[in-house]
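# test case, fold it:
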Amino acid sequence: MAVLTSSTRAISSKYLTRRANCQALSSHCKRCQSTSTTHSVDSSYLQNEGTIEGVWIFHRHGDRAPNRYLGSPAYHAAESAHWYSRIPPVARAAAAAVGRHHDHYAALSEHFPPIIHKSQNDGVYTDINREPFGFLTYNGMDQMRCVGKRFRQRCDRYGYNHSKINGEKRSFLEDWDLRAYSTNYLRTVTSVQCFLDGLIGYHNSVGDERQKQLLYAGGGLRRYYKDAGRHEHMHPSTLTLSEDFSVEQSIQVQVRDKKIDTLNAFDKRPKMMNDLVKNVINMEGFQRIDSNAKELADQLSEFLPGLRGAPQAFGGTPSGINWIHANDHFVCRRAHGIPLSAFSDYEGTSDEAEVEKLLESLATPVCSHLSWRFRECYACPKLVAAVAAPPFQEMLDQMIDVTRMGAGERRPFVVYSAHDVTLLALLYAIGADFLVAGGDCGGKDMVEGTGGTHSHMVKGSILTSKLNSMSSWRWWPDYSSAIAFELVRLNSGHEYGDTTHIIRVILNGRTLCLLPRLSIDDEGILKDQTPCSRQRYGAVMEGSQSQMLSLSDFAQIINVLEQSSYASTNEDDGVQHGTKIGVEGG
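You can find the predicted model right below:
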């Protein structure tokens, strides 16, 4: 497991070990491909078969307020007041510097203390001064707690549990080595704290003493903003008093040293990432299509004047606006039942209904264009490799360790709290078929977020991939979306060759079909190549068999990613600010 360290020698040694592991497994993968046909397992392994012996989860944060105020200055105070009613209060005095927040944050941090490395904005949250904009809402906290509960059910039912072997009653933390990492945003740190609360918290106690420790979360207000501040409509959800650990066994949420952090390439190597994104922006195809979207951008800016002149990363693009901020207007208001024309000159006028209808017609084209822009970015092998290769390599190292563990050793359960664009990069890198080979719905059939992101996880079980809701690459990760990589030990008698474990990749409760790059000559996004020319993982074949990702396959995917990237293990020489590709908006 990766830990914070100041030793350059230790980091270098670890890197060399990682490279050796990856190269050895990649060589094994190539030998298997050249000397034998690909092995398959029963399709039941697509869902719940086998024993889960390692879990690595990358999740987007929960529901949040819009990242920026985009309306007329005349309505700034009114809209701010509304969003203040949807977020836990943050203590003003010294909150940014030392983390002394209101009881909601303090209570979560008692069990899940955030540890922010000095290299990350001097140990201060990047977004702390934007309140209420960009802050996690009560609803977002409840979403993340619910996701944590679902994964707890899954691990209890299908995961490694030493008590099954020796008959002893063991807690979750006796069987699982739980680690949590986050990007340096209050909303991502709080999101993973709530996930952990749902994962290992005890939520069923009642009584006067218990009532004192309620954390109100989930659902927001009954009416949109006219009853701002009246919290009596919120549903109570109990904060952690865990049967699994004492205060002395608190689980840290680490925002790691940039030198070893694997979550945010844009903060870690800003100059390199800036160059890569600018190369994409300067391509003729990007310039042409983004220029065609300027009319849409100008039309939206008439209603959201804050889009005009707002900072744009990488020097701006022809359309002239930040599309994540634009998409925020629709996503955040729909999530909280707020009219799109609220807090504007049109509210309460005879034109209100017509303006509302017009804004509604812009929602899908805006999100559709946002998806296209990031697809163009992640079609660049070097760019997607820079984002995905470090966390993939970190996972592979830990997976290899698991295969050597004894019966009584704790297995890794690792949670990474990040952003929508992070999840997209990982999905493109692993070869999620609906992204790399999926059709283009043109935006008209894009599925809106419904709040039921993980509804396919029922009592710990998951479903096979029937991606009706993700049939097109114009898909965007909803709040609380999660990609889970499960290392699964095959049942006795199902092993083949040296393979005792397979990797199951799950997105929001469904297994993914994968078409990854296994050769440097493979396309990241299929254009000239046909899907049938690539090895497909996670799909049901004839005879109810399925090819599942092995550690050797995963090592080969990483090997191809690293061959595509010119990133070194050293930091960029130059430091540039404001060069994020959109992480701050997601």
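# three-state assignment of Val414?
strand (DSSP: H, G, I helix; E, B strand; the rest coil).
# so what's the residue count around it?
Applying other Cβ atoms under 10 Å, we find 22 other residues in the vicinity of Val414. Heads up, the C-betas are built off the backbone N, CA and C, glycines and all.
# cool, and Pro339?
By the other Cβ under 10 Å criterion, the neighbourhood of Pro339 contains 19 residues.
# give me the element it is part of.
If you go by DSSP states H and E, Pro339 is not part of any helix or strand.
# what's the pLDDT at the residue lying closest to it once chain neighbours are set aside?
Taking Cβ to Cβ, 6 or more residues apart in numbering, and ignoring the residues beside it in sequence, Pro339 has Glu356 as its nearest neighbour in space, at 5.9 Å. The per-residue pLDDT reported for Glu356 equals 96.
# and if you look at the one 4 residues further on?
Turning to Glu360, the model gives it a pLDDT of 95.
# show me the contacts for it.
Residues counted as contacts of Glu360 (Cβ atoms under 8 Å, 6 or more residues apart in numbering) are Leu340.
# quick revisit: next one: the residue nearest to Pro339 from Ser301, what distance?
Between Glu356 and Ser301 the distance is 18 Å, computed by Cβ to Cβ, to the nearest Å.
# swap in Gly509?
Using Cβ to Cβ, one gets 38 Å for the distance from Gly509 to Ser301.
# lowest-scoring secondary structure element of this structure by mean pLDDT?
Across the helices and strands of the chain, mean pLDDT, DSSP states H and E gives its lowest value to strand 214-216, namely a mean of 35.
# over to the residue sitting furthest away from the middle of the chain: give its phi and psi.
In the chain, counting by Cα atoms, centre = their mean, Ser350 sits farthest out from the average C-alpha position, at 41.9 Å. In terms of degrees, to the nearest 10, the main-chain angles of Ser350 are phi -70, psi -20.
# go on, the one 5 residues further on?
Summarising the backbone geometry of Val355 under the convention degrees, to the nearest 10, its torsions are phi -70, psi -40.
# how many neighbours does it have?
Around Val355 sit 18 other residues, with neighbours defined as other Cβ under 10 Å.
# also His82?
Burial of His82 is recorded as 21 neighbouring residues (other Cβ under 10 Å).
# repeat for Leu173
The burial metric for Leu173, expressed as a neighbour count using other Cβ under 10 Å, is 16.
# which helix or which strand is home to it?
If you go by DSSP H and E, Leu173 is part of helix 172-175.
# list the buried residues for the next helix or strand after that helix?
Using DSSP H and E, the helix or strand that follows helix 172-175 in sequence is strand 176-182. Buried residues in strand 176-182, counted by 16 or more other Cβ atoms under 10 Å: 176, 178-182.
# before we move on, back to that, what comes up buried for the helix holding Leu173?
Buried-residue list, helix 172-175, by 16+ other Cβ under 10 Å: 172-173, 175.
# with just CA atoms, put that helix into CSV.
Output in CSV follows, covering the C-alpha atoms of helix 172-175 (Å, rounded to 0.1, in the frame of the first residue of the first chain):
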residue,chain,number,x,y,z
PHE,A,172,-15.0,-5.5,8.8
LEU,A,173,-11.7,-3.9,9.7
GLU,A,174,-10.2,-7.2,10.9
ASP,A,175,-10.7,-8.6,7.4
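# turn the buried residues of helix 172-175 into CSV, including pLDDT and distance to Ile200.
Compiled in CSV, these are given as follows (pLDDT from 0 to 100; distance: Cβ to Cβ, whole Å):
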residue, pLDDT, distance to Ile200
Phe172, 88, 5
Leu173, 90, 7
Asp175, 92, 11
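# and the helix holding Leu173, what does it pack onto?
The contact analysis (3 or more Cβ pairs under 8 Å, 6 or more residues apart in numbering; DSSP states H and E) places helix 172-175 against helix 138-158, helix 186-200.
# ranges for the strands of the stretch 1-150 of the chain?
Taking DSSP state E, counting those that start in this stretch, the strands of the stretch 1-150 of the chain run over residues 41-42, 51-60, 114-116.
# in its sheet, what does the shortest one sit against?
When sheet partners are counted by DSSP bridges, strand 41-42 sits next to strand 545-546 (antiparallel).
# tell me which of the strands of the stretch 1-150 of the chain is the most buried.
Mean neighbour counts were compared across those using mean count of other Cβ atoms under 10 Å; the top stretch is strand 51-60, at a mean of 23.
# for Phe485, list each beta-bridge partner.
Beta-bridge partners of Phe485, as defined by DSSP bridges: Trp56, Val505.
# tally up the residues packed near Leu362, please.
Using other Cβ under 10 Å, Leu362 has 17 neighbouring residues.
# use 30 as the first number from now on
Sure, I'll start counting at 30 from here, so that last one is Leu391.
# all set, thanks.
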